[in-house]
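**Q** Can you look at this prediction? I've put the sequence above it.
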Amino acid sequence: MLKLLACEVLTREACHAIVRSPHAVTPVFTPKNRHNQPSELRRYLQEQIDETEHEETGYSAILLGYGLCGNATLGLKARGIPLVVPRAHDCTTLFLGSKERFKEHFSENPSQSWASVGYSERGDSLLSDSAMRAWLSQGVTYEDLAATYGEENAQYLLDAMQPRDESGKIVLLDVPETREPGMIKRILDEAARSGLRVEELTGSVRLMEMLVNGDWPDEEFLTVPPGHQIVGVYDHDQVIAAEPAGDDIPLDPPSKGE
């Protein structure tokens, strides 16, 4: 048996994959607005991981339907059950089906606005915006981040999370297996009202299917063994790694003046 912890924006893709999986998979979905506070999301996920340890259900692995997601998965610890997580920067990789397609379409502008049926049908926002990255837009400087995360990680956070899209477009990630025409129309109408040009990309359930099917090649998934935690690599190939568990890693940037 497998347990899946995933953001609710991936509910359609996860359910599509689960009903076809050869394994019994128990899903738990979290509201997308939890991403606004990465440390809170991390605490919640760690609580879910720890609680699973005490469930007498014989889970062989805990699956994470997340990427780095603003560092929210950084520092998550595997206790007695391995964790399996895609090598992804955020959920757009899961919607696109591979980190290679993420690199192709988002590496030059990781703050590019986007939408999908799963993202847009939940919460208050149809289109992704800077609210998901607000924790880096409150006067926090590069020096603040470097003091907490190190220089390389600080630069990654600034590049990936600060809103700086001036393209005048939004990327629509359209997954054929989970397409809902009514929501697609709402996204297109909202983009038109906002004066945004729409670039449509065909998505894929490939990564989600691999995740719940137990198909975890090292080049696409990180398996975190018991007693280890997730650390960031911040490239476009490895993305994340595992190291022996240590102290908790801070996820929110320091407040000004601290």
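**A** Thanks, I have the structure now.

**Q** Please look at Glu199 and Ile170 and confirm they touch.
**A** Yes: applying CB atoms under 8 Å, one finds Glu199 in contact with Ile170, separated by 7.3 Å. To be clear about C-beta, it is placed using only N, CA and C from the backbone, and glycine gets the same treatment.

**Q** Just give the closest residue to Ser204, not the sequence neighbours.
**A** Once flanking residues are discounted, Ser204 sits nearest to Gly97: 2.8 Å by CB to CB, 6 or more residues apart in numbering.

**Q** can you count the residues close to that neighbour?
**A** Neighbour count of Gly97, defined by other CB atoms under 10 Å: 21.

**Q** got it, and Gln46?
**A** Gln46 has 17 neighbours, counted by other CB under 10 Å.

**Q** Confirm that it sits in a helix.
**A** Yes: under DSSP: H, G, I helix; E, B strand; the rest coil, Gln46 sits within a helix.

**Q** For Thr52, see how far away it is.
**A** Using CB to CB, to the nearest Å, Gln46 is found at 11 Å from Thr52.

**Q** next one: Arg43
**A** Counting by CB to CB - Arg43 and Thr52 are separated by 15 Å.

**Q** what does Val117 give?
**A** 29 Å.

**Q** which one of these two has more residues nearby?
**A** Using other CB under 10 Å, the more surrounded residue of Val117 and Thr52 is Val117, with 25 against 18.

**Q** For that one, give me its contacts.
**A** Taking CB atoms under 8 Å, 6 or more residues apart in numbering as the criterion, Val117 is in contact with 12, 174-175, 178-180, 183-184, 187.

**Q** Can you go through those residues and name the buried ones?
**A** Buried subset of the contacts of Val117 (neighbour count, 16 or more other CB atoms under 10 Å): 12, 174-175, 178, 183-184, 187.

**Q** residues in contact with stretch 189-203?
**A** Stretch 189-203 is contacted from outside by 95-97, 101, 105, 113, 115-116, 126-127, 168-176, 187-188, using CB under 8 Å, 6+ apart.

**Q** Going by neighbour count, which residues of that stretch are buried?
**A** By neighbour count on 16+ other CB under 10 Å, the buried set for stretch 189-203 is 190-191, 196, 201, 203.

**Q** for that stretch, how far is the first residue from the last?
**A** 20 Å (CA to CA, to the nearest Å).

**Q** Please, which helix or strand holds Leu5?
**A** For Leu5, the host element (DSSP states H and E) is strand 2-7.

**Q** Could I get the buried residue list for that strand?
**A** For strand 2-7, a neighbour-count test (16+ other CB under 10 Å) marks 2-7 as buried.

**Q** who touches that strand?
**A** Residues contacting strand 2-7 (CB under 8 Å, 6+ apart): 14, 18, 21, 23-30, 32, 34-35, 45, 48-49, 52, 59-66, 69, 91, 211-212, 214.

**Q** With stretch 179-187 instead?
**A** With contact meaning CB under 8 Å, 6+ apart, stretch 179-187 is reached by 12, 115, 117, 120-121, 126-127, 172, 174, 198.
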